[in-house]
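J.: model this:
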Amino acid sequence: MTKFKKLLLPLIILITAFSTPSIAQKKDVNVLVLIYSDNGGTYELAKEFAKGLEKNSNVRSVIKQVKHSENPILKTIPVVNIEELSSYDGIAFGSPVYFGNMSTGMSEFFSKTIDLWAKHALEGMPASVFMSAGSGAGRELALQSFWNTLAVHGMILVSNGIRSNDKIDNSIAQGNSVLGTTSLAGIKNVPRPSVDECLLAEDQGENFGKVATALKGTFRQESAPISRTNNTDINQVLINKNIILPKVPKPAGNYQPFVRSGNLVFINQYALKDGKIQHPGKLGKDVDEKQVREATRTTMLNVLGVLKAAAGGDLNRIKKCVQLTGYFNVPEDYSKHAELMNAASDLAVDVFGEKGKHARASVGASSLPGNTSVEIQAIFEIE
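T.: Alright, predicted model coming up:
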C-alpha cells in the first residue's frame, strides 16, 4: 500500500496541473486599446494589437474610441469615459499622424485628462502606442510626442524595439519603429495596413500583455468596474432606440443655434421638421393635444441635434441636462402644460438616463414665432 501511495502522489499532482485550466487562464488583466481613427486604418491596427494581447491567456482586451465617428466602420465602437481609464491594467493608444503629432481628436481627448493627472491616477500604469501615418514622414516625431504626453501622466512606456523586424518583408516600405508600430497608409503599392504591419502590431500587443501582467498590482488602480451602466455609449442608445437626430436648423435671424458659456450650452428650438413647422397653430383651435405632444418631441429632437453639434459630434460629452423650459401656444384658460412637456422630458431621459433628469418649467403663450405650437429652451452641462 505504501508503494502504491508513492506512485499515486505524482499522478495526482500531474492530473491537478492539467485539470485546472480555468484558474490558470482566468482573464484578470484588462487592457484598454484606445483609438482615434479617421478612415479605419488605425482601427485595423487596434484589432491586431488586441489579438496579440489575448495570446496571453489571462489578458482581456477592450477596444474603445475617444469620440464617436459617423464612419460606418467605426460608428459602433463604444466611446470611452475618461473616469474609467484608471480602472485598467494597461492602455495602448492608437492614432493617425497629423503633421508629426498625434491626431486632433486624440489631442482633444488628452486635454480632458487634467483631473486624472492631478490625482496621479495613471502613474505606474503601462502604456504603448501605435499609429497610422500617410507617407511615413513625421511618424517618429509623432510617436515621440505621444510618448511625451504619456510620460507627463507618469505612465510606464513600453517600447517595441526591433521586435519582429526579422519576420517582415523589407523589400517594401513597412511601418516598423522602435517606439511602436505604424502603418504607412499613404503608400499604395500594397494594401494598408500591410500583412507585416499587422504582424508587428500583433507581436507588439502580445509583448504589451506580458508587461501588463507583470505590472498588475504594482500601481494604484481605481476599483470602478470597466463596464458600467453609467458608461453607456449615447450613440449606441440612439441606434438601439431608433432615434434619428435632425441636422442643425439654420437660424432665421442674427443669432446662433447654440451658445456655450463655460461648461453650459444654451439652446432654443421650435417644431421645425423637414423645413416646415410641424402641427402649427393654437391648441384647441388649430391642433389637438396629441399633435402638440408630437410637435414637442420634434422640438426636443431639434434641441438634441443642436446639442450634438455643440458637443463636437459626441453626445457622450454631456454631463447633465440642467433645465428645460417649454412654451406652448394655448388658450388663456389652458392648464395642462406639464402633460404636453412630458414628451420632451421623456426623450431627454430616454437618451441620457439619469443625466437626462432636469429642472423644468412649462409656460403658456398667446402666440409663438412662426405660429409654432411649441418652443423649448434648454440648458446642458458639457465636458
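J.: from here on, contacts and neighbour counts on C-alpha atoms
T.: OK.
J.: Please, where are all the helices along this protein?
T.: 2-18, 21-24, 41-53, 104-110, 114-118, 139-152, 195-215, 234-240, 289-310, 337-352 (DSSP state H).
J.: can the ones you listed go into TSV with extra columns for distance to residue 85 and mean neighbour count?
T.: What follows is those, written out as TSV (distance: least, C-alpha to C-alpha, whole Å; neighbours: other C-alpha atoms under 10 Å):
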stretch	distance to residue 85	mean neighbour count
helix 2-18	35	10
helix 21-24	26	10
helix 41-53	17	24
helix 104-110	11	16
helix 114-118	9	13
helix 139-152	13	19
helix 195-215	14	23
helix 234-240	18	16
helix 289-310	24	23
helix 337-352	21	19
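J.: closest one to residue 322 among those?
T.: Proximity of those to residue 322 was assessed by C-alpha to C-alpha; the nearest stretch is helix 337-352, lying at 10.6 Å.
J.: who's in contact with the closest one?
T.: 234, 237-238, 289, 292-294, 296-297, 299-300, 321, 324, 326, 328, 355-358, 362-364 (C-alpha atoms under 8 Å, 6 or more residues apart in numbering).
J.: worst average pLDDT in the helices of the chain?
T.: Mean pLDDT is lowest for helix 21-24 out of these, coming in at a mean of 42.
J.: got the contact list for residue 138?
T.: Counting by C-alpha under 8 Å, 6+ apart, residue 138 makes contact with 97, 99-101.
J.: scratch that, residue 33
T.: 46, 49-50, 61-64, 91-94.
J.: Mind picking the two most distant members of the residues you listed?
T.: Largest pairwise distance in these, by C-alpha to C-alpha, is 13.9 Å, between 61 and 94.
J.: out of those two, which sits in the more crowded spot?
T.: Taking neighbours as other C-alpha atoms under 10 Å, residue 61 and residue 94 compare with residue 94 leading, 30 against 24.
J.: close enough to count as contact, residue 79 and residue 68?
T.: Yes. Judged on C-alpha atoms under 8 Å, residue 79 makes contact with residue 68 at a distance of 6.2 Å.
J.: so how many other residues sit close to residue 55?
T.: Neighbours of residue 55 (other C-alpha under 10 Å): 17.
J.: Roughly how far does it sit from residue 203?
T.: Look at residue 55 and residue 203: by C-alpha to C-alpha, to the nearest Å, they are 9 Å apart.
J.: same check, this time on residue 276
T.: Computed with C-alpha to C-alpha, the distance linking residue 276 and residue 203 is 56 Å.
J.: OK, contacts around the residue nearest to residue 54 when sequence neighbours are not counted?
T.: Distances taken as C-alpha to C-alpha, 6 or more residues apart in numbering put residue 60 closest to residue 54, at 6.0 Å, once the chain neighbours are dropped. Shown in contact with residue 60 (C-alpha under 8 Å, 6+ apart): 27-31, 53-54.
J.: now the helices of the chain as CSV including distance to residue 267?
T.: Formatted as CSV, those follow (distance: least, C-alpha to C-alpha, whole Å):
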stretch, distance to residue 267
helix 2-18, 63
helix 21-24, 54
helix 41-53, 35
helix 104-110, 24
helix 114-118, 28
helix 139-152, 35
helix 195-215, 45
helix 234-240, 19
helix 289-310, 7
helix 337-352, 14
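J.: closest one to residue 125 among the ones you listed?
T.: Comparing those by their distance to residue 125 (C-alpha to C-alpha), the top pick is helix 195-215, with 7.7 Å.
J.: Using PDB, write out the CA atom coordinates for stretch 68-86.
T.: Extracted in PDB, the C-alpha atoms of stretch 68-86 (Å, rounded to 0.1, in the frame of the first residue of the first chain):
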ATOM      1  CA  HIS A  68     -17.900  59.000 -31.800                       C
ATOM      2  CA  SER A  69     -17.400  58.600 -35.500                       C
ATOM      3  CA  GLU A  70     -20.100  58.500 -38.300                       C
ATOM      4  CA  ASN A  71     -17.800  56.300 -40.400                       C
ATOM      5  CA  PRO A  72     -19.700  53.000 -40.900                       C
ATOM      6  CA  ILE A  73     -16.500  51.100 -39.900                       C
ATOM      7  CA  LEU A  74     -16.200  53.000 -36.600                       C
ATOM      8  CA  LYS A  75     -19.700  54.100 -35.600                       C
ATOM      9  CA  THR A  76     -20.500  51.000 -33.400                       C
ATOM     10  CA  ILE A  77     -17.200  51.200 -31.400                       C
ATOM     11  CA  PRO A  78     -18.000  52.300 -27.900                       C
ATOM     12  CA  VAL A  79     -16.700  55.700 -26.700                       C
ATOM     13  CA  VAL A  80     -14.500  55.700 -23.600                       C
ATOM     14  CA  ASN A  81     -15.400  57.500 -20.400                       C
ATOM     15  CA  ILE A  82     -12.400  59.400 -19.000                       C
ATOM     16  CA  GLU A  83     -13.100  58.200 -15.500                       C
ATOM     17  CA  GLU A  84     -12.700  54.600 -16.500                       C
ATOM     18  CA  LEU A  85      -9.100  54.900 -17.700                       C
ATOM     19  CA  SER A  86      -7.700  54.300 -14.200                       C
END
